[in-house]
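>>> how does the following fold in three dimensions:
(one chain, ligands or ions: 1)
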Amino acid sequence: MDKLIIHGGKRLSGEVAVSGAKNAALPLLFATLLSPGPHRLANLPRLRDITTAERLLAGLGAEVDSSNGTLKIATEQINSMEAPYELVRTMRASVLVLGPLLARYGKARVSLPGGCAIGARPINLHLKGLEAMGAEIHLENGYVEASAARLEGARIHFDVPTVGGTENLMMAATLARGTTILENAAREPEIIDLAKALQGMGASIEGAGTDTIMIEGVDDLSPMDYQVMPDRIEAGTFLVAAAMTGGRVGVKGACAEHMEALLSKLEEAGATVAASPETLWVEGPQEIQSVNIKTQPHPGFPTDMQAQFMAMMTLGNGTSMITEAVFENRFMHVSELQRMGADISIEGHTAAVKGVSALHGAPVMATDLRASACLVLAGLAADKTTEISRIYHLDRGYENLEEKFRSLGADIERVPEQK
Ligand code: UD1
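Numbering: from 1, shown residues only. A predicted model of the protein is given here:
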């Protein structure tokens, strides 16, 4: 297992290119199950989660061929309907095969994901929606077994806006008989990206990006030819790194429109934000202002940026109240930040982060994807040396992270961890 060694205290400066969005790419990959193809997906990030999705598709019988960030997929020969435990366990988004397999083949067997580091994360709303569309669903030996002759359009109201649930049902509804209306749907930019790709395949979808999405089922879909949107969380991670090291960084290809909540909080914290059509720039303040955040479904502040923003707030000039309202257990980075000298106390879903004058390098351990990113940022701003172990979490979601940071002047290297 590799670890990262960071000699902190360098101001970041320069430009870095954003990669394709992991969370948009995954549903797009699974949407290729809706038509035989051949499909073409460009701007895919090279990440472990993407490789896992490719393995899952290959296991179902798809032909997957990738080169230079463009993937060609043919799903003519699908001969398995199963997403096995080994894959779902390592990547929860594997449950997104459920909707497409059911819609095109009338059958799917998908392992239940179980808990994960940031909470219970059930898929009950995915299943409830598919049942409303006429699917029969049984849980057996840890697997969801679903079948339907042909899915029927339905009106589905989500109890809470779920990104994966909205995506699963939107994909399922494209081939259902009749009209499906998804109410209280998630509004994340990745949902719009998926809707655009599906529309390009001939699906009839209205309202993606609002809380009500209407899908008129069609009999078949044509191949997908699509370019994945930029990764707003990766871009946000670089911008927060710039702000907290007092540097100036431009993220080429980032889309400011997808990141309004984060950008306005960065400005409140004293950073300067400037957007040109190609590049989004952030310049760090002299003194970081402590600001409060509460994570919310889009367009609110993204839970996937909470840990990174907290890293910055550890160096604020006052106290920042950070409330996590999307996942119940997403403060695991706190104890690691404390080991670096941060002053944080947690009560329920809120962390009170009292700014300190400096963070100090220490050995720390990554616990999940965004917590890992938070520790990298803390290490970049800290004095002395930070060693981050278990960075396989980072490799799930960041492409060439350390190379990109090095190109901005960071002193960061990956070394094999001794057994
Ligand atoms: C997606 C993102 C993840 C991000 C999250 C919230 C991908 C691959 N992952 O995860 O990075 O942190 O959105 O922005 O896109 N819930 C239920 N029942 C369900 C489904 C969800 O109660 O059936 C709850 C969850 O426990 C959570 C909330 O709804 O509290 C939001 O979860 P959801 O939007 O579904 O997250 P994911 O799609 O898993």
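>>> what does the stretch 251-400 of the chain put close to the ligand?
With the criterion set to CB under 6 Å from any ligand atom, the stretch 251-400 of the chain comes near the ligand through 303, 304, 326, 327. Heads up, the C-betas are built off the backbone N, CA and C, glycines and all.
>>> turn these into a markdown table, columns for pLDDT.
Putting these into a markdown table (pLDDT from 0 to 100) gives the following:
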| residue | pLDDT |
| --- | --- |
| 303 | 98 |
| 304 | 97 |
| 326 | 95 |
| 327 | 92 |
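>>> closest to residue 276 out of the residues you listed?
Distances from these to residue 276 were compared by CB to CB; the smallest belongs to residue 304, at 24.9 Å.
>>> now do the contacts for the residue nearest to the closest one when sequence neighbours are not counted.
Counting by CB to CB, 6 or more residues apart in numbering, residue 233 is the residue found nearest to residue 304 once chain neighbours are left out, at 4.7 Å. Shown here is residue 233, whose contacts under the criterion CB atoms under 8 Å, 6 or more residues apart in numbering are 21, 22, 23, 302, 304, 305, 370, 397.
>>> rerun at 7 Å
With contact set as CB atoms under 7 Å, 6 or more residues apart in numbering, residue 233 has these partners: 302, 304, 305.
>>> what of residue 336?
If a contact means CB under 7 Å, 6+ apart, then residue 336 has 364, 365, 375 as its contacts.
>>> now for the strand or helix carrying the last one, which elements pack on it?
Here residue 375 sits within helix 369-381, counting by DSSP states H and E. Where contact means 3 or more CB pairs under 7 Å, 6 or more residues apart in numbering; DSSP states H and E, helix 369-381 is packed against strand 2-7, helix 232-244, helix 306-313, helix 333-339, strand 385-389, helix 392-397.
>>> residues in contact with the following helix or strand past the longest one?
Where DSSP H and E defines the elements, the next helix or strand beyond helix 232-244 is strand 248-252. For strand 248-252, the surrounding residues in contact (CB under 7 Å, 6+ apart) are 12-18, 235, 238-239, 241-242, 278-283, 408.
>>> go again using 8 Å as the cut-off
In this structure, residues lying in contact with strand 248-252 by CB under 8 Å, 6+ apart are 12-18, 235, 238-239, 241-242, 278-284, 408.
>>> hang on, the earlier thing: nearest to the ligand, of the contacts of residue 336?
Relative to the ligand, the closest of the contacts of residue 336 is residue 375; by CB to the nearest ligand atom it sits at 17.6 Å.
>>> in ChimeraX, select just the buried ones from the contacts of strand 248-252.
Only the buried members of those end up in this ChimeraX selection, burial being decided by 16 or more other CB atoms under 10 Å:
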select :12,13,16,17,18,235,238,239,241,242,279,280,281,282,283,284,408
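>>> in helices only, show me the contacts of strand 248-252.
When helices are assigned by DSSP state H, the members of those inside them are 235, 238, 239, 241, 242.
>>> kindly reformat these as JSON lines containing pLDDT.
As requested, these are arranged in JSON lines below (pLDDT from 0 to 100):
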{"residue": "235", "pLDDT": "98"}
{"residue": "238", "pLDDT": "98"}
{"residue": "239", "pLDDT": "98"}
{"residue": "241", "pLDDT": "98"}
{"residue": "242", "pLDDT": "98"}
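>>> hmm, back to that, now do the helix holding residue 375 against strand 2-7, angle only.
Per axes from the mean of the first three to the mean of the last three CA atoms, to 10 degrees, the angle that helix 369-381 makes with strand 2-7 is 30 degrees.
>>> so residue 71: helix, strand or coil?
Three-state secondary structure (criterion: DSSP: H, G, I helix; E, B strand; the rest coil) places residue 71 in strand.
>>> grab the nearest non-local neighbour of it.
Using CB to CB, 6+ apart and skipping the chain neighbours, the partner closest in space to residue 71 is residue 41 (4.6 Å).
>>> element containing the one you found, please.
Taking DSSP H and E as the definition, one finds residue 41 inside strand 39-42.
>>> circling back to that earlier point, surely the residue nearest to residue 71 touches residue 229?
No. At 11.6 Å, residue 41 and residue 229 do not qualify as touching, with contact defined as CB atoms under 8 Å.
>>> how close does the residue of the chain positioned farthest from its centre get to residue 105?
Ranked by distance from the centre of the chain (CA atoms, centre = their mean), the top residue is residue 149, with 32.7 Å. Residue 149 sits 11 Å away from residue 105, going by CB to CB, to the nearest Å.
>>> who touches both of these two?
Between them, residue 149 and residue 105 have no joint contacts when contacts are counted by CB under 8 Å, 6+ apart.
>>> what is the neighbour count of the residue of the stretch 151-300 of the chain found nearest the ligand?
Among the residues of the stretch 151-300 of the chain, residue 164 lies closest to the ligand, at 2.9 Å counting by CB to the nearest ligand atom. The tally of other residues near residue 164 (other CB atoms under 10 Å) stands at 22.
>>> cool, the one 4 residues further on as well?
One way to gauge burial is a neighbour count; for residue 168, by other CB under 10 Å, it gives 28.
>>> who's in contact with it?
Applying CB under 8 Å, 6+ apart, the residues contacting residue 168 are 95, 96, 98, 99, 126, 129, 130.
>>> inside helices: which ones of those residues?
When helices are assigned by DSSP H, the members of the contacts of residue 168 inside them are 98, 99, 126, 129, 130.
>>> for the residues you listed, which one is nearest the ligand?
Using CB to the nearest ligand atom, the shortest approach to the ligand within these belongs to residue 126, at 5.1 Å.
>>> hmm, residue 98 and the closest one touching each other?
Yes. Counting by CB under 8 Å, residue 98 is a contact partner of residue 126 at 6.5 Å.
>>> wait, is residue 264 part of a helix?
Yes. Residue assignment for residue 264, taken from three-state DSSP, places it within a helix.
>>> change the start of the numbering to 570 and stick with it
Got it, the first residue is 570 from now on, which makes the last one we talked about residue 833.
>>> and the residue nearest to residue 597 when sequence neighbours are not counted, what does it touch?
Nearest-residue entry for residue 597: residue 766, 5.4 Å, with adjacent residues in sequence omitted and distances by CB to CB, 6+ apart. Taking CB under 8 Å, 6+ apart, we find residue 766 in contact with 597, 600, 793, 795.
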